[in-house]
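Enquirer: what shape does this take:
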Amino acid sequence: MARTDDDSWEITESVGATALGVAAARAADTESDDPLINDPYARIFLDTVGDGVWNWYGAPELPAEVVAAEPDMPARMRALVNYFATRTKFFDTSFIEAAGAGIRQAVILAAGLDARSWRLPWPDGTTVYELDQDKVLDFKAATLREHGANPRANRVAVAADLRQDWPMALQQNGFDPSLPSVWSVEGLLMYLPAPSQDLLFERIHSLAAPGSHLAVEDLGPEFADPEGRAQRRERMDRIRDLMARTDSKLVVPTTDELWYFEEREDVGSWLRRHGWDVTSTPSEELLARYGRALAPDLQGASPTHWFISAQRSTAG
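Expert: Purely as a prediction, here's the structure:
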């Protein structure tokens, strides 16, 4: 589905469907023999919507014909599940550490099916602001409410498009920019043009008081490389052709059609220039830290992104 400047989506469409894909990966890790994370709500979302392209991200069993032609494909799919589990653990930890430091305002940008308002052990008095399109937020809240789940913090849903004036909407819903806050930018930047990325961080910076924390999944330098993109597309087209010759109902996603492959400044450099103390960790290092190291023969099986932990130390 082609992107437009003012596009919107249901939970099963476009960018909304990618949230279900990440939920499928979280469910697969949660239900594995050696889980890194615990997200019991991910399966609820998947069961509610039924089958779809998002099933691919849960590393289902592939048809024998596909495995015979691409024997490393099952391992590559499990590597992607490991990446999403590692990413989830990183952001969970970021929120928990900020709460432990006394921060009581949390902002989840492009919240999707992130269920941290329900999952994490938030201290009393914590408010979690979830920003996303209204249909996505409504689906999440209604689905979990129907299953008897209640948020563990004061959850405030802020229906907003991050390409528009979301800072005003956030403050109108009670956010106090004079107090420290903790922010997450997870699985978001590839869906924004480069100028929109710059504007996003300018807005975060304007709202984050000194002492605030920020966690970011930053796009690696290989993301916009035309050769690497062509190789990824060739592989997935080949898998798609193989799947078409089988009776499988699995659908190979074309998520990259929703991304903006543009050169952009790395987030760590931007934050340092604006007075933030920054730690940048490459994804392969974070995967190894959490016991999910990528095998040498599977290079490129998961994104080569950077995970940014930052604290604002100045008021400039």
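Enquirer: contacting residues for residue 225?
Expert: Residue 225 makes no contacts at all, as judged by Cβ atoms under 8 Å, 6 or more residues apart in numbering. Just so you know, the C-beta spots here come from the backbone N, C-alpha and C atoms, and that holds for glycine as well.
Enquirer: any idea how far it lies from residue 300?
Expert: In this view, residue 225 and residue 300 are 11 Å apart by Cβ to Cβ, to the nearest Å.
Enquirer: and for residue 55?
Expert: From residue 55 to residue 300 the distance is 22 Å (Cβ to Cβ).
Enquirer: residue 95 too?
Expert: Distance from residue 95 to residue 300, by Cβ to Cβ: 30 Å.
Enquirer: and the two? which has more neighbours close in?
Expert: Neighbour totals were compared for residue 95 and residue 300, and residue 95 leads with 25 against 14 (other Cβ atoms under 10 Å).
Enquirer: is it fair to say the more buried one lies in a helix?
Expert: Yes. Assigned with DSSP: H, G, I helix; E, B strand; the rest coil, residue 95 falls within a helix.
Enquirer: you'd agree it is up against residue 107?
Expert: No. In this structure, residue 95 is not within contact of residue 107 by Cβ atoms under 8 Å, at 10.3 Å.
Enquirer: please work out which residues outside stretch 229-236 touch it.
Expert: 252, 254, 256, 261, 300.
Enquirer: report the rounded mean pLDDT for that stretch.
Expert: For stretch 229-236, mean pLDDT rounds to 86.
Enquirer: starting at the chain centroid, how far to that stretch?
Expert: Relative to the centre of its chain, stretch 229-236 is centred 22 Å away, using Cα atoms, centre = their mean, to the nearest Å.
Enquirer: over to stretch 146-157?
Expert: Mean-position distance between stretch 146-157 and its chain equals 20 Å (Cα atoms, centre = their mean).
Enquirer: neighbours of residue 174, how many?
Expert: For residue 174, the count of nearby residues is 12 (other Cβ under 10 Å).
Enquirer: give me the nearest residue to it, chain neighbours excluded.
Expert: Spatial nearest neighbour of residue 174, chain neighbours left out: residue 156 (6.3 Å); criterion: Cβ to Cβ, 6 or more residues apart in numbering.
Enquirer: okay, now the closest residue to residue 314 other than its chain neighbours: neighbour count?
Expert: Of all residues not flanking residue 314 in the chain, residue 275 sits nearest, at 3.8 Å (Cβ to Cβ, 6+ apart). Residues lying near residue 275 (other Cβ under 10 Å) number 13.
Enquirer: do residue 280 as well
Expert: Neighbours of residue 280 (other Cβ under 10 Å): 18.
Enquirer: can you tell me the SS state at it?
Expert: strand.
Enquirer: isn't it right up against residue 218?
Expert: Yes. Using Cβ under 8 Å, residue 280 is in contact with residue 218, at 7.5 Å.
Enquirer: who touches both of these two?
Expert: 268, 306, 307, 308.
Enquirer: need the CA coordinates for stretch 144-161. CSV is fine.
Expert: Only the C-alpha atoms of stretch 144-161 are listed here, as CSV (Å, rounded to 0.1, in the frame of the first residue of the first chain):
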residue,chain,number,x,y,z
LEU,A,144,-7.9,-6.0,26.4
ARG,A,145,-11.0,-4.7,28.3
GLU,A,146,-13.1,-7.5,26.8
HIS,A,147,-10.5,-10.0,28.3
GLY,A,148,-10.7,-8.4,31.7
ALA,A,149,-7.2,-6.8,31.6
ASN,A,150,-6.7,-3.5,33.3
PRO,A,151,-3.8,-1.1,32.9
ARG,A,152,-1.2,-1.0,35.8
ALA,A,153,-0.7,2.7,35.4
ASN,A,154,-2.9,5.7,34.6
ARG,A,155,-3.1,5.1,30.9
VAL,A,156,-3.9,8.1,28.7
ALA,A,157,-4.7,7.4,25.1
VAL,A,158,-3.8,10.4,22.8
ALA,A,159,-5.2,10.0,19.4
ALA,A,160,-2.7,11.8,17.2
ASP,A,161,-0.8,11.5,13.9
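Enquirer: can you point out the buried residues in that stretch?
Expert: Within stretch 144-161, the residues scored as buried using 16 or more other Cβ atoms under 10 Å are 144, 149, 151, 152, 153, 155, 156, 157, 158, 159, 160, 161.
Enquirer: so what touches that stretch?
Expert: Residues contacting stretch 144-161 (Cβ under 8 Å, 6+ apart): 6, 8, 41, 44, 106, 115, 117-122, 125-134, 137-138, 141, 166, 169-170, 173-174.
Enquirer: good, we can wrap up now.
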